[in-house]
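Trainee: Just need the structure, nothing else, for what follows:
(one chain, ligands or ions: 2)
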Amino acid sequence: MSDLQSELRADADLVGILERRGVRTVVLGGSDTHGVMRGKRIPLAQLGRVLEHGLPLCDVFWVMHVDESDLVARPEGHEGYFPTERNGYPDIVAKPDLSTARIVPWHADTVLLLSDWHLPHDGGPVPISPRSVLSRVVERSRTLGYEPVSALELEFYVLREKVGTLHHKRAEDLVPLQEAPSTYGVVLGSHQEGVGALIRDAMLAYDLPVEACNPETGPGQFEINLRYGRSVKAADDAFLFKSAVKEVVGQHDLLATFMAKPASSWAGNSCHLHVSLRDEDDRGAFHDAASPHEISTTMRHFAGGVLSTMAELTALMAPTPNSYRRYVPYSWAGTTATWGIDNRSVGLRAICEGPDGTRLEHRQPGGDANPYIASAALLAGGMHGVEQKIEPPDPVDLDVYALPQGEVPLLPSSLGEALDLLERSEVARDWLGADFVSHYVEMKRAELRAQAVAVTDWEVARYLEPL
Ligand code: GLU
Ligand code: MG
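Mentor: Ligands and ions are numbered 1, 2, ... in the order given. Reported below is the predicted structural model:
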């Protein structure tokens with residue numbers, strides 16, 4: 001726990017504590033649908049009022065494209081994102097969560113508070129808000145007797161590019177931090193260690209539980225592992241991490257990207273998602289010393305639920321058309337609804353490491369996934385399996401990428417296909433909420449419409465001269 005959080009435990013007067021520490025600016029931020037942090041900065045003097053009443057801001061950000069082109073993704077109507085008849089872009093309210101308060105070490109005298117989005121006059125959480133969707137799934141898991149625990153592993157590229165000089169660059173001209181990859185490379189990896197150390201130190205000072213860091217298989221690509229925690233906290237950590245890495249390297253005129261596949265010839269960025277359940281006595285509910293591989297019945301059913309819903313929940317793990325470029329054999333991304341014991345070619349890897357370490361790793365989510373939505377989707381599938389006692393198929397101990405087509409169930413290979421399945425998913429509507437699912441499907445279909453009319457570099461390179 002950070003100094004600030006320990007102080008807050010002893011003395012609930014956050015404003016007084018921050019005054020004594022010389023804080024001048026408070027960032028209030030939360031996640032939009034894409035996983036982009038939205039919010040406002042306020043002077044410390046305003047915080048008392050905001051803690052009491054919340055901070056109003058326009059709800060338009062729910063319908064903005066990720067790059068804010070055309071501003072509003074669905075000019076034809078709003079239903080599905082604001083569950084009232086009101087259509088005039090009214091205010092919603094940011095309600096800060098005190099348990100997330102932290103000093104922002106790379107800005108002067110600044111503190112950040114993650115916020116939940118609420119309807120006005122405390123009509124409760126905005127039903128499509130990703131953090132609220134995850135919180136609801138966690139609450140429901142608790143009513144079934146389990147506390148979900150997650151850990152997220154994030155891969156990302158650092159590029160020698162600056163915001164502001166990038167827009168007209170072709171993808172193939174991007175300059176990565178290193179020319180060549182050096183997977184787990186300690187010596188060659190040391191050439192990117194200046195930036196690695198900068199990121200790790202800043203994240204630790206920001207109270208994010210960095211466990212390990214290594215150069216990944218792409219040029220200038222990193223992987224950073226965050227320690228497990230209760231699922232909302234783990235998603236908070238990953239969400240904060242992504243924004244923080246961008247800000248920190250941006251101050252050094254570098255650009256970090258979690259985009260799933262920034263260049264055709266580079267490895268993708270994943271966000272492997274580890275999960276397990278604790279029982280009411282805080283024991284690891286996935287471990288049973290008496291069962292094969294020490295996998296408990298609860299874990300088997302959880303895996304059964306994840307596997308049976310993996311296709312219909314794919315759009316939540318892979319949110320853009322670009323996300324699907326990772327899904328090829330030997331990319332080390334999950335491409336099939338399969339599981340196996342410590343098998344990295346399957347979609348769901350079982351890791352059997354005793355009472356506290358036994359867990360499942362979902363290998364489909366990309367670095368571009370919203371950590372709240374991906375975590376909620378994984379828990380929805382798994383808890384559905386626990387509730388319905390779904391038996392999984394046998395674990396596979398072969399190289400799944402090498403199997404002939406049709407041998408194991410493939411996952412959707414395009415956003416359009418994934419959205420059609422998500423729209424029909426009863427599990428998604430039941431666990432994540434009908435409002436959330438319709439909003440998500442609408443937003444992502446708007447993204448597909450934008451993509452459908454875009455002429456790409458690949459098309460020009462391929463067709464311009466010969467045709
Ligand atoms: N970069 C790979 C992907 O996009 C994952 C590599 C790994 O196994 O860590 O899925
Ligand atoms: Mg990795």
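Trainee: quick one: secondary structure of the closest residue to D397 other than its chain neighbours?
Mentor: In space, and not counting its chain neighbours, D397 is closest to G340: 5.6 Å by CB to CB, 6 or more residues apart in numbering. Backbone N, C-alpha and C define where each C-beta goes, glycine included. Of the three states, G340 takes strand under DSSP: H, G, I helix; E, B strand; the rest coil.
Trainee: Just list the residues touching G340, thanks.
Mentor: By CB atoms under 8 Å, 6 or more residues apart in numbering, G340 lies in contact with V346, R349, A350, P395, V396, D397, L398, V400.
Trainee: Please settle this for me: is the second one part of a strand?
Mentor: Yes. Remark: R349 belongs to a strand, assigned using three-state DSSP.
Trainee: Now do A94 against ligand 1, distance only.
Mentor: Noted for A94: a distance of 33 Å to ligand 1, by CB to the nearest ligand atom, to the nearest Å.
Trainee: Now G268: closest residue in space, sequence neighbours ignored.
Mentor: R326 (3.5 Å).
Trainee: next one: K444
Mentor: Nearest to K444 is L419, by CB to CB, 6+ apart, at 5.5 Å.
Trainee: filter the contacts of G340 by proximity to ligand 1?
Mentor: Residues of those in contact with ligand 1 (CB under 6 Å from any ligand atom): none.
Trainee: Now, these that are in strands?
Mentor: The strands, defined by DSSP state E, take in R349, A350 from the contacts of G340.
Trainee: Please tell me which one of the contacts of G340 counts the most neighbours.
Mentor: V346 (27 neighbours; other CB atoms under 10 Å).
Trainee: That residue reaches A333, doesn't it?
Mentor: No. Using CB atoms under 8 Å, V346 is not in contact with A333, being 10.9 Å away.
Trainee: overlap in contacts of those two?
Mentor: By CB under 8 Å, 6+ apart, the residues touching both V346 and A333 are R363.
Trainee: Any figure for the gap between the residue nearest to D397 and M203?
Mentor: Counting by CB to CB, to the nearest Å, the separation of G340 from M203 is 32 Å.
Trainee: H53 too?
Mentor: If you measure H53 against M203 using CB to CB, the figure is 32 Å.
Trainee: More neighbours: these two, which one.
Mentor: Taking neighbours as other CB under 10 Å, H53 and M203 compare with M203 leading, 22 against 11.
Trainee: give me every residue that touches that one.
Mentor: Taking CB under 8 Å, 6+ apart, we find M203 in contact with V210, I224, F241, A244, V245.
Trainee: Can I take it that it is in a strand?
Mentor: No. Per three-state DSSP, M203 lies outside any strand segment and is helix.
Trainee: mind checking how far it is from ligand 1?
Mentor: 19 Å.
Trainee: cool, T100 as well?
Mentor: Relative to ligand 1, and taking CB to the nearest ligand atom, T100 is found at 28 Å.
Trainee: all strands of the stretch 201-350 of the chain, in order?
Mentor: For the stretch 201-350 of the chain, strands defined by DSSP state E, counting those that start in this stretch occupy the ranges 210-215, 221-226, 229-230, 255-257, 271-278, 339-341, 348-351.
Trainee: Put together a markdown table for those, with mean pLDDT on each row.
Mentor: Converted to a markdown table, the strands of the stretch 201-350 of the chain look like this (pLDDT from 0 to 100):
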| stretch | mean pLDDT |
| --- | --- |
| strand 210-215 | 97 |
| strand 221-226 | 98 |
| strand 229-230 | 98 |
| strand 255-257 | 96 |
| strand 271-278 | 98 |
| strand 339-341 | 98 |
| strand 348-351 | 98 |
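Trainee: what sits opposite the residue nearest to D397 in the beta ladder?
Mentor: On the basis of DSSP bridges, G340 is bridged to R349.
Trainee: can you tell me which two in the contacts of G340 are farthest apart?
Mentor: Greatest spatial distance among the contacts of G340 (CB to CB): A350 and L398, at 14.7 Å.
Trainee: need the residues of the stretch 301-450 of the chain near ligand 1, please.
Mentor: Near ligand 1, when you scan the stretch 301-450 of the chain using CB under 6 Å from any ligand atom, you find R326, S331, W332, A333, R344.
Trainee: neighbours around the last one, how many?
Mentor: Right, the one you point to is R344. Neighbours of R344 (other CB under 10 Å): 14.
Trainee: any idea how far the residue nearest to D397 is from D59?
Mentor: 44 Å.
Trainee: now the longest strand belonging to the chain: mean pLDDT?
Mentor: Taking DSSP E as the criterion, the chain has its longest strand at strand 147-159. Average pLDDT, strand 147-159: 98.
Trainee: so it versus strand 221-226, what angle?
Mentor: 160 degrees (axes from the mean of the first three to the mean of the last three CA atoms, to 10 degrees).
Trainee: list the helices and strands strand 147-159 packs on?
Mentor: helix 130-143, strand 221-226, strand 229-230, helix 231-250, strand 255-257, strand 271-278, helix 371-388 (3 or more CB pairs under 8 Å, 6 or more residues apart in numbering; DSSP states H and E).
Trainee: Dump those to a markdown table, plus mean neighbour count.
Mentor: As requested, the helices and strands packed on strand 147-159 are exported to a markdown table (neighbours: other CB atoms under 10 Å):
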| stretch | mean neighbour count |
| --- | --- |
| helix 130-143 | 20 |
| strand 221-226 | 22 |
| strand 229-230 | 15 |
| helix 231-250 | 22 |
| strand 255-257 | 21 |
| strand 271-278 | 24 |
| helix 371-388 | 26 |
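Trainee: got the ones you listed as JSON lines, with distance to G185 columns?
Mentor: Shown next, in JSON lines, are those (distance: least, CB to CB, whole Å):
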{"stretch": "helix 130-143", "distance to G185": "35"}
{"stretch": "strand 221-226", "distance to G185": "11"}
{"stretch": "strand 229-230", "distance to G185": "29"}
{"stretch": "helix 231-250", "distance to G185": "20"}
{"stretch": "strand 255-257", "distance to G185": "19"}
{"stretch": "strand 271-278", "distance to G185": "20"}
{"stretch": "helix 371-388", "distance to G185": "27"}
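Trainee: Nearest to D91 among those would be which one?
Mentor: Of all the helices and strands packed on strand 147-159, helix 130-143 sits nearest to D91, with 17.0 Å by CB to CB.
Trainee: who's in contact with the closest one?
Mentor: The list of residues contacting helix 130-143 from outside it, by CB under 8 Å, 6+ apart, reads 30-33, 35, 114, 116-117, 125-127, 147-148, 230-232, 235-236, 277, 370, 372-373, 375-376, 379-380, 383, 431-433, 436.
Trainee: Alpha carbons of that helix, in PDB - could you do that?
Mentor: Coordinates of each C-alpha in helix 130-143 appear next as PDB, following Å, rounded to 0.1, in the frame of the first residue of the first chain:
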ATOM      1  CA  PRO A 130     -16.600  -0.600 -18.400                       C
ATOM      2  CA  ARG A 131     -15.500  -0.400 -14.700                       C
ATOM      3  CA  SER A 132     -19.100  -0.700 -13.500                       C
ATOM      4  CA  VAL A 133     -19.700  -3.700 -15.900                       C
ATOM      5  CA  LEU A 134     -16.700  -5.400 -14.300                       C
ATOM      6  CA  SER A 135     -17.800  -4.500 -10.800                       C
ATOM      7  CA  ARG A 136     -21.200  -6.000 -11.400                       C
ATOM      8  CA  VAL A 137     -19.700  -9.300 -12.700                       C
ATOM      9  CA  VAL A 138     -17.400  -9.400  -9.600                       C
ATOM     10  CA  GLU A 139     -20.400  -8.800  -7.300                       C
ATOM     11  CA  ARG A 140     -22.400 -11.600  -8.900                       C
ATOM     12  CA  SER A 141     -19.400 -13.900  -8.600                       C
ATOM     13  CA  ARG A 142     -19.300 -13.100  -4.900                       C
ATOM     14  CA  THR A 143     -23.000 -14.100  -4.500                       C
END
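Trainee: Nothing else from me, thank you.
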